[in-house]
Structure formats: C-alpha cells, structure tokens
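A.B. asks: heads up, no residue letters with this:
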C-alpha cells in the first residue's frame, strides 16, 4: 500500500530535532523524499542518515535569503520538484517583560519566526507553482491565540505568522497552493539542548495542566503536518489547526481548581 505522501518531495526547516525531526521521519515513512534544513550541522546529517536514501541535509539559517534559496535548490537538484514546504524553524524562550526584553532578543525572535517564514514562502512558492501546486505548512503556536506573560515578542511573532498564512492563502489558492499553520500547545521537546531529565520534568508538568492528561509530543504535531501535507486536506487553506490537548478550550487555572470534580 502506497504511503500518503508517495512521490512527493518535502522541505522541512528546523528538521534536525524536535517537531521537525519527528515530521521528517514520518513523512519519509509515508513515501516522501525529505530535505532537512537546519543550522545544526552535527545532528542534521545524522538524522538524514538515520532516515536513509529518502533524506538529505542542508545547513540552513532561515534568516537569510541566500540560505533559503539554497535549500530549495538542493531539493530541486536532488529530486526535480518540491510539493510540500514545512516552515517549522523557530526560536522562543524567556524574554522577561516587555520593558526588560533586550532588543537583540526581540530581533532574533522576529527574524527567525516571521522573516524566516516569509522567506520560505517567497522563495518556495515558485517551486510549488512549477509542480502544479502543493502545500505550505507553518508552525505557529497557541501563543498566537492566548497571551503568555513573559514572552510577548514570541506571542507577537506567532500572531504575525497566523496573519501571514491567511493573507498568503488568499493570494495563492487559485494556483492550487494551500497554506495553513499548526498551533501547538505544550510539547515536550529537546529545544534549547535540554537534558532528558528536563524534558521528562516538563512532560510531567504539562500533563498536570492539559485537559487530556498528558503532555504533547513531537509526533502529535508531525501527524497534524502529515494531514496538511497530504491530499486528504485538499479543501483546507488559510487555517490554523490547534493541537494543544484542549489547553485553549479550557482556562488552565479552571482545570487546576476544578480538576477533582471531573470524572
């Protein structure tokens, strides 16, 4: 039985770890060729070699147009087409409040999370046009939906991404290019080079607050990306798919206070 992405070529930024790595592995298992783009020149090649012949790695910094053009050129050279672009690379972390957040921290978040996505669309869309259409997926966040104190720049960047997706989807729908984003909730990943112990601690912490009773895992977002990359979502564009275990459906404080009354 053919995979859901059989014959397709996907470019995934931030593909060397976390959500990007899980997605690269899943896409390849579903029949896709995968170009893994990441700044991490040590882990990226290892992930590609683990996947096998279906994968390539290109060191890429999504803040720079030359790098973004280079990753698309590498995918095109390897497989002759591009069908799926997953603009997943992003940065976050502690900022402090709006007053105290350093300008260089704000600039980094904006450059990676907004400019990186914009460059991925700008230089990726011509490849999808030549392929007769395709799917662009962007990793946004529930921070685009609900305020998170202490990370205002991050919230702003993800809100910008959601707005960009809506606008771009309208521009390219007639060319059969679908553009959607995923809004993950609490996902336990190794972002920021966290230890396995720290990841497990965050997993347990999030499990206490998510209505579904567990933390999100990278594969949860990868599965959502697979749906948006596949023909199963052919009528869906300009949308945000929230994958958060119910976090934004119920106030987390309400869950904490009333949890003992739930069955």
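C.D. replies: Perfect, thanks for sending it. What you see is a predicted model, and the numbers here were worked out from it, not measured in a lab.
A.B. asks: Quick check: which ranges of this structure have low pLDDT?
C.D. replies: In the predicted model of the chain, residues 1, 190-195, 251-263 satisfy pLDDT under 70.
A.B. asks: all strands in it, in order from the N-terminus.
C.D. replies: Counting by DSSP state E, the chain has these strands, from start to end: 9-13, 33-38, 55-59, 84-87, 134-139, 177-184, 240-243.
A.B. asks: angle of the fifth one against strand 9-13?
C.D. replies: Here strand 134-139 points in a direction 20 degrees away from that of strand 9-13 (axes from the mean of the first three to the mean of the last three C-alpha atoms, to 10 degrees).
A.B. asks: Not counting its own residues, what contacts strand 134-139?
C.D. replies: Strand 134-139 is touched from outside by 14, 19, 82-88, 90, 117, 120-121, 124-125, 127-128, 161, 164-165, 168, 176-182, 184, 221, 225, 228-229, 233, with contacts defined as C-beta atoms under 8 Å, 6 or more residues apart in numbering. Heads up, the C-betas are built off the backbone N, CA and C, glycines and all.
A.B. asks: What is the distance between it and the centre of its chain?
C.D. replies: What separates the centre of strand 134-139 from the centre of its chain is 9 Å, taken as C-alpha atoms, centre = their mean, to the nearest Å.
A.B. asks: Partner strands of that strand, with direction?
C.D. replies: Each strand that strand 134-139 pairs with, and the sense of that pairing, follows from DSSP bridges: strand 84-87 (parallel), strand 177-184 (parallel).
A.B. asks: repeat for the last one
C.D. replies: Strands flanking strand 240-243 in the sheet, each with its direction: strand 177-184 (parallel) (DSSP bridges).
A.B. asks: Buried residues, the strand it pairs with. List them.
C.D. replies: Along strand 177-184, the positions that meet the burial threshold by neighbour count (16 or more other C-beta atoms under 10 Å) are 177-184.
A.B. asks: Name the residues that touch stretch 69-87?
C.D. replies: 5, 8-13, 15, 20, 23, 27, 32-33, 35, 37, 56, 58, 60, 62, 116-117, 120-121, 123-124, 127-128, 130-131, 134-139, 225, 229.
A.B. asks: now do 7 Å
C.D. replies: 8-13, 23, 33, 35, 37, 56, 58, 60, 116-117, 120, 123-124, 127-128, 131, 134-138, 225, 229 (C-beta atoms under 7 Å, 6 or more residues apart in numbering).
A.B. asks: And the nearest residue to residue 244 once chain neighbours are set aside, how far from residue 67?
C.D. replies: Closest residue to residue 244 apart from its sequence neighbours, by C-beta to C-beta, 6 or more residues apart in numbering: residue 185 at 2.6 Å. If you measure residue 185 against residue 67 using C-beta to C-beta, to the nearest Å, the figure is 30 Å.
A.B. asks: now do residue 135
C.D. replies: Here the criterion is C-beta to C-beta. By it, residue 135 lies 22 Å from residue 67.
A.B. asks: Repeat that for residue 238.
C.D. replies: Noted for residue 238: a distance of 27 Å to residue 67, by C-beta to C-beta.
A.B. asks: One more: residue 6?
C.D. replies: Here residue 6 is placed at a distance of 29 Å from residue 67 (C-beta to C-beta).
A.B. asks: between the two, who's got more neighbours?
C.D. replies: Using other C-beta atoms under 10 Å as the criterion, residue 6 and residue 67 rank with residue 67 on top: 19 against 11.
A.B. asks: need the contact list for the more buried one.
C.D. replies: For residue 67, the set of contacting residues under the criterion of C-beta under 7 Å, 6+ apart consists of 60-61.
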